[in-house]
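Asks: Sequence first, predicted model second:
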Amino acid sequence: MVQVILIIGLMLMLLGIYGFMQSKNLLKIVIAFTLFNTGINIIMVSVGYLADAKAPILDKLPDLNEIPNMVDPVPQAMVLTAIVIGLGVTALMLSYVLKLHQEKRSLDINNFKDLKW
Amino acid sequence: MDYSLSRFLYTLLGLFIVMNWGMLMSSTMRRIIARVSGRIGIPWYQPWIDLIKLYSLRSQITHGTMFYLGPVFRLMGGVGLFLFMPMIYGSAYFMNYSFSGDLILILYFQFFGMLGMALGAGEGGQPYSAIGISRGLSQFTTIEVPMTLAVISLAIQYDTLSITEIVKAQQGSIANWTLFTNPFATIAAMLSLLGAFGHSPFNLVKAPNEIPIGPPTEYHGTFLGVLRTNGAILHVTEAALFMNLFFGGATSWLELILKTFVIYFWSVFVGVVFPRFRIEQSVRWFLKWPTLIGIISILIWM
Amino acid sequence: MVSPIYIIVIALGIAFSLGFFGKSKLNFAGILVFLGLLGMSFISGQWLFAFLNDTEVNTLIFTAGFQPPYSISLQMGLNEAVLTSMVNIAGLLGFVYLFRELTTKGIHLLMVYLVFVMSMNVSLMTRDLFNLFVFLEIETIALAGLILLINRKEAFQAGMKYLIASGIISGFLLIGIIMAYQSGGSLNIDDLILANSSIGKISAIAGFLILVAFVLELKPFPANGWGIDVYTAAHPGIGSLVSAAVATTGLYLLYKVLPIVGSQFNDYLVAIGAISFIGSNLMGTRQDNPNRLLGYSSVGQVGLLTIILGLAPSLGNQTLPIAFSILVSHFAAKAGLFWISGIIQSNHIKDWSGLRSSPTLMLLFGAFLLALIGFPPFPSFYGKWELLLTMGGNQQYTIVLIVLLGSFIEAIYLMKWLGYVIKIERVEIPRENLTLHKQIPIWIMGLVLFAMGFLMNRLNDYGASIDYLPLVFIFLLFVLDFLPVSFKNTLSIGGLLFYFIHLWEMVTDDLIRQIFLVIFLIGGILTFVAGYAQKGKRPGFYPTALLMYLGLAGIITAQGMFDFFYNWELMTVGSYFLIIRGKRSMPHAYSYMLFSIGGAYLLLAGFALAAASGAGEGLQALQSISILPEWVYGLLAVGFMSKTASLGLHIWLPGAHGEAESDVSPMVSAILLKAGVFGLVVLFLSIGMYNPSAERLLYVLGWVGALTTLMGNMSAAFQEDAKRLLAYSSVAQLGYILFAFTMMTQMAWLAGFTYTLNHFLFKAILFLIIGAIVVKLGTHNMYQMGGMIKKMPFSFIAVLVSIIVIGGIPPLSGFAGKWLFYNAILEKGWYFQGALIFFSGIVAFLYLFKLIYSVFLGQLKDNHRHMNEISAWVLIPSYLLIIGIMIFSAFPKEVLIPISDAIAPYFGNDALVWEGTKAVSHLGYWDGTTIAIVVGTAFMLILAWLIVLSAKAQKVEQFNIVFAAERPFRPETTHVSYNIYAGFHKAIGFLVTPLVTTFWNRMAEWTLDLAGWGRRIYSGSIQNYTIHVLFYIVVFYLLSMGGY
């Protein structure tokens, strides 16, 4: 099960990378980027996941022998943070796309090569 | 260091002999050249007549101080060479002032007169002078190459740069002459001599009929007289240098006269046979066989 | 002590409270932000102060009431204190600089700015890997926001590229972090380090991903198109922060995570740094957009720092000091340069010439560039020296090569830029940009640079050997630059004289050093005397000239390699600024500088290799080189020969000396060239007479010297430009000197010193006088002169004396040199080199005659008929020098005997025996005094005779001649000067085909072509840049972990 999630995550990530490379449309590139991010998030979650373990929700101090049987909460917390950051980056990217579109009335990435060499 | 009056007077006597011999030699050579070209030529006393005329001309002009000093430098060059050259081997007085410097001094003192003359003629403002000088300087660069090599070869051979010592080493027998002990150096030097004496095919500097007499074009009267005087001294002294280095030196004035005549005649002989080179031909010529022979002359001693 | 947590508190608190300000109170908001940044700087600054005074120790600050790993901890140690202080100062000054722009754009950018600075602070301090990631992302987002400060399409594109590329990089970082967590069981960096070092638990791939992400954050060449674009398009105020603060942070982060990864990547870091350092600088050579150029340079500098981080195992505890010295130079210089760029607002580096209207900015601009290249007295100089010497000591020669090559390539474009700014036609900068709040940050950064240089100097082991007082004097002259020439001239002469007397005591028992000290400083005073003839203020002349003399004096008194090299570089800088003053000097000063820097780097390489022998860093260590001695000696010799302009390295000289100002030419020709000679003297004396490991080298150098002489003299003969003729003559004379010293016998060294002294004397005279004449007549071309003897008789006599000395004609001192030379060559047995030398000696007559004839003799031109003698201020030093020549000529013994004694310990004392005034060698003899008496007497007698005979000669003008059957009416047609050696050229002119010039031109072309070809990877396409990043990761992976 964990492997499946891991593989899905990896696939999503690779799909995202493929997306950046292949797509000429800026919006699609942004979408590819979010795919890439989502893939990474899934990978992270899968790393912390333990099959058949308890959720790390505590209402009292846990027994010491229960702890190994709990899912590690840290990756999940990290993923939450990563999602938030990803959101921020995506939002900023979209606003950049907007700016770029206002400038040239185009979303084709080949039109934005003014800076080179 | 001998600054005595007697040395001074003997040196003056030697200078007087050399000058007169030089004039006689030049008229003789001119007669020889004339005979070769089917003319009779000048009387043997012509140089003296010329000299008297030049020194007694009444009106003269000068183009400025350096122009005026040019002949002085030039004559100083000739006289200086004479002063620093041991003329008669074994004679206490006709060694002149050669104790002040060795062969290197002689080689570099040649430039003293040349430079002064070049500057004097330069102030004359005559284009022919400048052309003649530029040719002379160009040609002289390569003339000196075989000569330098020969001198180096001699220095290796005799392990000295003192002319007196070199002459001393050649005493005793004709077989001791450098001519026989170091033939390659002698050949290189004698080829170089052709250029130094400035006869055809290397008479580019004065180049008669082309740049009428080159550097001294503007000189006349007393100035030319001084230059002529120098010419007479210089020819003998330079020939004496070759005599000292390659032909056993001279132990008497007679020997000196004979040997310098033959050495000088060598350049005249070549001169009447070959026509004049162009400047680039002349410059290159010395870098070919003469230089090669000079290099061989060093290699055999290394 | 205020806890560093308040840095975050202040930043966040103010950022949030800014929301209360409407659009009306933006200025007030701006001031609040300024106060916040000031507070943050204060906090980091007080920690730094405490650490420097040893009143604090490394402190961990825990958050959220738990100990790590259950919470995030911040660390405040010396490193963090230094770096946060740097970041906060950059942030504070950058804010001052951008105050107008940020406050007019609304409060959002103010917030973003604060968060940006804060994010760097936190990522520097945090000990939690994931926290590090978070703040790195915050930094990225904030920066992307700040890029929008400029409303231009290029900025939008750059920001987009930046976001995408850093998004990908942080994706990989995230994977790396989670894997590290999985294998190491903690997110705390210290725990992870422990886990890695004790049990090797961190999985290799995790380490790799973390490392590659932090490496990519540094924008390594060639996967950095996105980063370069940010530099290009963002507001220069932002660019300065990226270059100064972000790069600083990024480097420290790499340093911080490196232990997690372990040391197996160190070699790769060195390789990555090397590629970046060399590659990025190479790309910079073709760049003319200032911001982009600075970007390339930043990447290059970061590459150098990456190399240093990678070298940590071999540098040991020197790593951080070395890295800091280079980092702080980069930090201050780049921030300053970007800020200047914001004032100039142009897309072309040529437009920076407007800086000349502001001397302060001009000074700082020069300082920034020189600091980047690594000149003293800036901190990077100390860092590079320490780095190279340590590397040389460890026999890691590849590193030495890489560092020097990269630095040289960087110098190529930075010096080109400097030349443009100094020389090119002035483009005015927008006045409204020259406000105080834009300039103050630049001033402060300049101050930081100088202060850090001073600090490095004091902290350095060698610091004590460097005297700062003369530098202060030079600075004083810079401040007094508004005063008239005569005052500054007197002050300079006084300074030199004082310094001469001061230094004389240090060299009293060392004649060789005394000789050079006299040449350098007394020569300097004499050339300064000629400066009284100059009009106006000569802005910048005196500080630079004194800088050169300071360096020159310094190399004489130097005891160790360090102070020798330090002063060598000072001299190089000073002389560069002197040379570039000439009207058409820009390209020549540029090539001078490149050859000088190249030469200096060869010296540095030589010293570095010498360190391998472990004999210490004193100059006497050169005597006991056991490892690669031929290389050490060869590198040093070629380094010095770049200064003496030996064949192959000479192409800068004719232009540099020929086009320099009239009194600068003698300084650089008669005096400066002797620095190279002094270096060779020191080197050869260290090598010693019988050193089998240097025999082959000396033999080759001997031939180089001989060929240099021939090439120099022949080229001089074909010049039409009087000063270039003299310049080529210098090349030739230095060839003689090199040749003499390579023979390594007492006789040869006597000849060498005779030539050195003579060249100093006559070349100073010639350049002084010809330089003044060139200025007076308004032309360099000799064929346009002529007949000056009547107008300038004193000049003529001086020149005449000089050329008699050069020609080696008895009775003047030049003949002493020739005579010694002949003897030395025959003794040594170098017959063919010797023959070549004498051949060139005769070729010299060609140019000597051409010079004196074309200028002074021949026909006077109509437009020069009103001319009169040149200034007495030029004649006075010339005639003083002539007195020197005359003394040397008449009493050679008095000079030669002390020199013989001085070099006797090295070569024995059997060259000359003196009998009275007569010098007797093994081969011949020569009596300078008698020759002078004999020649003088005879000359006077002949002159008297002629005067008696032709007293009444009538004076006429040169023009009174008949030529080619006509009376010429224009002097020009009868002044035979142009190309007078045409026949000679036709015969053997092929010998001076400019093969060397062609060679170097080709090298330059190829370098630029390579750069032009290489930079095509920066196609401008986002996708390409993404591919570069991925490709970089893959290749790096394959090379480092793929078993290749």
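Replies: That came through fine.
Asks: C-alpha only now, for contacts and for neighbours.
Replies: Will do.
Asks: and residue 93, how many neighbours does it have?
Replies: Going with chain A. 25 (other Cα atoms under 10 Å in any protein chain shown).
Asks: nope, chain C please
Replies: Neighbours of residue C:93 under the rule other Cα under 10 Å: 25.
Asks: Quickly find the element holding the residue of chain B found nearest chain A.
Replies: Closest to chain A within chain B is residue B:280: 53.6 Å, counting by Cα to the nearest Cα. Per DSSP states H and E, residue B:280 falls inside helix B:279-287.
Asks: chain center to that helix: distance?
Replies: 20 Å (Cα atoms, centre = their mean, to the nearest Å).
Asks: mind listing what's buried in it?
Replies: B:279, B:280, B:281, B:282, B:283, B:284, B:285, B:286, B:287 (16 or more other Cα atoms under 10 Å in any protein chain shown).
Asks: The fourth one contacts residue B:139, correct?
Replies: Yes - Residue B:282 lies in contact with residue B:139 (Cα atoms under 8 Å); the separation is 6.6 Å.
Asks: circling back: the helix holding residue B:280 - what's its average pLDDT?
Replies: Summarised as a single mean, pLDDT over helix B:279-287 is 92.
Asks: cool, and stretch C:869-881?
Replies: Mean predicted lDDT for stretch C:869-881 stands at 93.
Asks: Next: stretch C:3-17.
Replies: 92.
Asks: Could you check how far that stretch is from the centre of its chain?
Replies: Using Cα atoms, centre = their mean, the offset of stretch C:3-17 from its chain centre is 44 Å.
Asks: before we move on, what about stretch B:217-235?
Replies: 14 Å.
Asks: now swap in stretch C:837-847 and tell me
Replies: Worked out by Cα atoms, centre = their mean, stretch C:837-847 lies 35 Å from the chain centre.
Asks: Give me the local confidence score for residue B:221.
Replies: Taking residue B:221 on its own, its pLDDT is 86.
Asks: wait, what's in contact with it?
Replies: By Cα atoms under 8 Å, 6 or more residues apart in numbering or on different chains, the residues touching residue B:221 are B:53, B:54, B:55, B:56, B:57, B:59, B:60.
Asks: Please, which helix or strand holds the fifth one?
Replies: In the assignment (DSSP H and E), residue B:57 maps to no helix and no strand.
Asks: quick one on the thing from earlier: can you name the element that comes right after the helix holding residue B:280?
Replies: Criterion used, DSSP H and E; the element after helix B:279-287 is helix B:289-299.
Asks: State the mean pLDDT of the helix or strand containing residue C:455.
Replies: Here residue C:455, judged by DSSP H and E, is contained in helix C:436-459. For helix C:436-459, mean pLDDT rounds to 92.
Asks: Now the element after that helix, going C-ward?
Replies: Toward the C-terminus, helix C:436-459 is succeeded by helix C:469-479 as the next helix or strand (DSSP H and E).
Asks: helix/strand/coil for the most centrally placed residue in chain C?
Replies: Residue closest to the average C-alpha location in chain C (Cα atoms, centre = their mean): residue C:597, at 5.0 Å. Three-state assignment for residue C:597 (DSSP: H, G, I helix; E, B strand; the rest coil): helix.
Asks: Tell me which other helices or strands the helix or strand hosting residue B:271 touches.
Replies: According to DSSP H and E, residue B:271 maps onto helix B:253-273. Packed against helix B:253-273 by the contact rule (3 or more Cα pairs under 8 Å, 6 or more residues apart in numbering or on different chains; DSSP states H and E) you find helix B:5-36, helix B:183-197, helix B:221-246.
Asks: Contacts only, for the closest residue to chain A within the stretch 351-500 of chain C.
Replies: Closest contact between the stretch 351-500 of chain C and chain A, by Cα to the nearest Cα, is at residue C:413 (15.4 Å). Contacts for residue C:413 (Cα under 8 Å, 6+ apart) come out as C:284, C:285, C:286.
Asks: Tell me the buried residues in the helix or strand harbouring it?
Replies: Applying DSSP H and E as the criterion places residue C:413 in helix C:397-423. Buried residues in helix C:397-423, counted by 16+ other Cα under 10 Å: C:397, C:399-423.
Asks: Can you tell me the SS state at the residue of chain A found nearest chain B?
Replies: Residue of chain A nearest chain B, by Cα to the nearest Cα: residue A:117 (53.6 Å). The local conformation at residue A:117, judged by three-state DSSP, is coil.
Asks: again, but for residue B:248
Replies: Per three-state DSSP, residue B:248 ends up coil.
Asks: backbone phi and psi for it, please?
Replies: Torsion angles at residue B:248 (phi, psi; degrees, to the nearest 10) stand at phi 80, psi 0.
Asks: In contact with it, which residues?
Replies: Residue B:248 makes contacts with B:167, B:170, B:171, B:174, B:176, B:177, B:178, as judged by Cα under 8 Å, 6+ apart.
Asks: Run a quick neighbour tally on the residue of chain A closest to chain B.
Replies: Quick note: residue A:117 (other Cα under 10 Å) scores 21 neighbours.
Asks: hang on, isn't it packed against residue C:1019?
Replies: Yes - Residue A:117 lies in contact with residue C:1019 (Cα under 8 Å); the separation is 6.6 Å.
Asks: Output the helix holding residue C:455 as PDB, restricted to C-alpha atoms.
Replies: C-alpha atoms of helix C:436-459 as PDB (Å, rounded to 0.1, in the frame of the first residue of the first chain):
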ATOM      1  CA  LEU C 436      22.200  61.600  -0.900                       C
ATOM      2  CA  HIS C 437      20.100  58.600   0.100                       C
ATOM      3  CA  LYS C 438      21.300  56.700  -3.000                       C
ATOM      4  CA  GLN C 439      24.900  57.600  -2.400                       C
ATOM      5  CA  ILE C 440      25.300  57.100   1.300                       C
ATOM      6  CA  PRO C 441      24.800  53.300   1.100                       C
ATOM      7  CA  ILE C 442      27.500  53.100  -1.500                       C
ATOM      8  CA  TRP C 443      29.900  55.200   0.600                       C
ATOM      9  CA  ILE C 444      29.200  52.900   3.600                       C
ATOM     10  CA  MET C 445      29.900  49.800   1.600                       C
ATOM     11  CA  GLY C 446      33.100  51.400   0.300                       C
ATOM     12  CA  LEU C 447      34.100  52.100   3.900                       C
ATOM     13  CA  VAL C 448      33.300  48.500   4.900                       C
ATOM     14  CA  LEU C 449      35.500  47.300   2.100                       C
ATOM     15  CA  PHE C 450      38.500  49.400   3.200                       C
ATOM     16  CA  ALA C 451      37.800  48.700   6.900                       C
ATOM     17  CA  MET C 452      37.700  45.000   6.300                       C
ATOM     18  CA  GLY C 453      40.900  45.300   4.300                       C
ATOM     19  CA  PHE C 454      42.500  47.000   7.200                       C
ATOM     20  CA  LEU C 455      41.100  44.400   9.600                       C
ATOM     21  CA  MET C 456      42.300  41.500   7.500                       C
ATOM     22  CA  ASN C 457      45.700  43.200   7.500                       C
ATOM     23  CA  ARG C 458      45.800  43.400  11.200                       C
ATOM     24  CA  LEU C 459      44.500  39.900  11.800                       C
END
